[in-house]
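Engineer: missing the sequence, but the structure's below:
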DNA sequence: TCTTTTCTCCATCAAATGTTGGAAGATTAT
DNA sequence: ATAATCTTCCAACATTTGATGGAGAAAAGA
């Protein structure tokens, strides 16, 4: 009960309840800025400017830069979790190859429309934050548990799943993030249009992942 | 001849000729700092401190922060190219699955020992640099051409290779970067040691990639 | 309507960060 | 040995960036 109260009273919960509020608008701008430039690359002025407000309004709503960043990460975390749970329901009781096909399709659509999410995750994965910042390091770790559940199904207890299998799911999941985040770099290399890119990425992921995973005894 | 002269006279070439010089030492520190924190996250003071010199010594040798950053990227570019060319020679005339096996092995060893290289590449791929910076955007693009050559062999002209095939090579290549760069995030998830991680990553990459690629008519 | 609270902006501050000048030390050439 | 050059550091400067106080507008409550 106590925890529930804390959750509801949190600034983030408040922003989520009313997506048109200034708080939510700033959060959204922050998401994009942090996603594009990273924690240090994004400035509070830049975020405020994109939200169309004065910088002190930002501080009024969110406090320190670090607090805002944490809110962004927590928020993205919830969004992914929600999406994954949604997919989990859809693919339940499907055969493995179908599970993968659907999951890849849905996730690609979801992330291509919200590229800041994979960007932010990537930053969490391998960009350090300066030691002098007293940021409570928060990482979207559990999403991988759900990813594993999708890939493997809920039939087995998670402890039973081998490290090998987990690693393969990580690889699969991260390939999606990669293609979305690095679109601006990859697309010119391939010389194709945006829509073409989306199609070919899905195709590639399915092509690489499905045969690999369906041949895994662990997942059967 | 003129170009050759320019190349030799460049600051970077000078640093490479003498790896014990202060110039080279600063370049190496810069590599690590930019690799860990990104362009904006790494400060000139931080780089100088790691190199054990005063900050003005850094500016004396390399000029603006942006110039130093460009030198770092160019340098890493050359290193990768060299490694890829080396591997290309080894795997030449081997069957496709062997080519992949060797390439994955060598590349993993190489990158795991120099994690700043994949880090920097990842930053190039999806971290923006603030617009006010007048950084000439420089990207390690061509490395993908060589990667494609390794994967596919030099038998075909590169123009003949389908976009699909190129995309698949991109996916493969990037999976390696990912596992190396995100080790600090992935390893705790999997609950394994450093050496175990290295082994399982190689295994995973081979498991996923080799079957996918050897079944590709394009690459035969 | 009047009061209270919430919100937004302007002006400003302090610290961090990029950058430079010049003095002094080290190295090389003559 | 002496001059010339290269290298390093200390001190400082200008700008950027994180952060705040306070005045007034807007909204909510009485």
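Structural biologist: Yes, it's here. What you see is a predicted model; the values in this text were computed from it and never measured. Numbers count the residues shown, from 1 in each chain, chains lettered A, B, ... in the order given.

Engineer: what ranges of chain A fall below the confidence cut-off?
Structural biologist: A:1-11, A:13-17, A:136-149, A:151-160, A:216-220 (pLDDT under 70).

Engineer: residue A:24 and residue A:18 touch, don't they?
Structural biologist: Yes. If you go by Cβ atoms under 8 Å, residue A:24 and residue A:18 touch, sitting 6.3 Å apart. (C-beta placed from N, C-alpha, C; glycine too.)

Engineer: who's more crowded, those two?
Structural biologist: Shown here are residue A:24 and residue A:18; by other Cβ atoms under 10 Å in any protein chain shown, residue A:24 has more neighbours (19 against 10).

Engineer: next, give phi and psi for that one.
Structural biologist: phi -70, psi -40 (degrees, to the nearest 10).

Engineer: ok, now residue A:124?
Structural biologist: Dihedral angles (degrees, to the nearest 10) for residue A:124: phi -60, psi -40.

Engineer: and it, how many neighbours?
Structural biologist: Residue A:124 is flanked by 20 other residues according to other Cβ under 10 Å.

Engineer: same question, residue A:70
Structural biologist: By the criterion of other Cβ under 10 Å, residue A:70 has 17 neighbours.

Engineer: could you measure from it over to DNA strand D?
Structural biologist: Per Cβ to the nearest atom of the strand, to the nearest Å, residue A:70 is found 12 Å from DNA strand D.

Engineer: surely that residue touches residue A:133?
Structural biologist: No. Assessed by Cβ under 8 Å, residue A:70 is found out of contact with residue A:133, at 11.3 Å.

Engineer: just give me how far the helix or strand in which residue A:185 is found sits from the chain centre.
Structural biologist: Under the criterion of DSSP states H and E, residue A:185 resides in helix A:183-190. The chain centre lies 21 Å from the centre of helix A:183-190; the measure is Cα atoms, centre = their mean, to the nearest Å.

Engineer: what residues sit buried inside the following helix or strand past that helix?
Structural biologist: Using DSSP H and E, the helix or strand that follows helix A:183-190 in sequence is helix A:194-214. Under the neighbour-count criterion of 16 or more other Cβ atoms under 10 Å in any protein chain shown, helix A:194-214 has A:197-198, A:200-202, A:204-210, A:212-213 buried.

Engineer: hmm, helix A:194-214 touching chain B?
Structural biologist: Yes. Applying Cβ under 8 Å from any Cβ of the partner chain, one finds helix A:194-214 touching chain B at A:200, A:201, A:203, A:204, A:205, A:207, A:208, A:209, A:211, A:212.

Engineer: against which helices or strands is that helix packed?
Structural biologist: Applying 3 or more Cβ pairs under 8 Å, 6 or more residues apart in numbering or on different chains; DSSP states H and E, one finds that helix A:194-214 contacts helix A:96-113, helix A:163-181, helix A:183-190, helix B:163-181, helix B:194-214.

Engineer: let's see 7 Å
Structural biologist: Helix A:194-214 sits against helix A:96-113, helix A:163-181, helix B:163-181, helix B:194-214, with contacts defined as 3 or more Cβ pairs under 7 Å, 6 or more residues apart in numbering or on different chains; DSSP states H and E.

Engineer: now stretch A:49-63: buried residues?
Structural biologist: Buried residues in stretch A:49-63, counted by 16+ other Cβ under 10 Å: A:50, A:51, A:53, A:58, A:61, A:62.

Engineer: which residues touch the third one?
Structural biologist: This points to residue A:53. With contact set as Cβ atoms under 7 Å, 6 or more residues apart in numbering or on different chains, residue A:53 has these partners: A:22, A:26.

Engineer: go on, residue A:210?
Structural biologist: Taking Cβ under 7 Å, 6+ apart as the criterion, residue A:210 is in contact with A:97, A:100, A:101.

Engineer: okay, residue A:31 and residue A:45: tell me how far apart.
Structural biologist: Distance of residue A:31 to residue A:45, computed by Cβ to Cβ, to the nearest Å: 16 Å.

Engineer: what's the answer for residue A:212, then?
Structural biologist: Residue A:212 sits 46 Å away from residue A:45, going by Cβ to Cβ.

Engineer: is chain B contacted by stretch A:89-104?
Structural biologist: No. Stretch A:89-104 does not reach chain B (Cβ under 7 Å from any Cβ of the partner chain); its nearest approach is 12.3 Å.

Engineer: ok, residue A:72 touching residue A:29?
Structural biologist: No. Residue A:72 lies out of contact with residue A:29 (Cβ atoms under 7 Å); the separation is 9.9 Å.

Engineer: give me the more crowded residue out of the two.
Structural biologist: Neighbours of residue A:72 and residue A:29, each counted by other Cβ under 10 Å, are more numerous for residue A:72; the result is 26 against 22.

Engineer: which SSE is that one in?
Structural biologist: Using DSSP H and E, residue A:72 sits within helix A:65-91.
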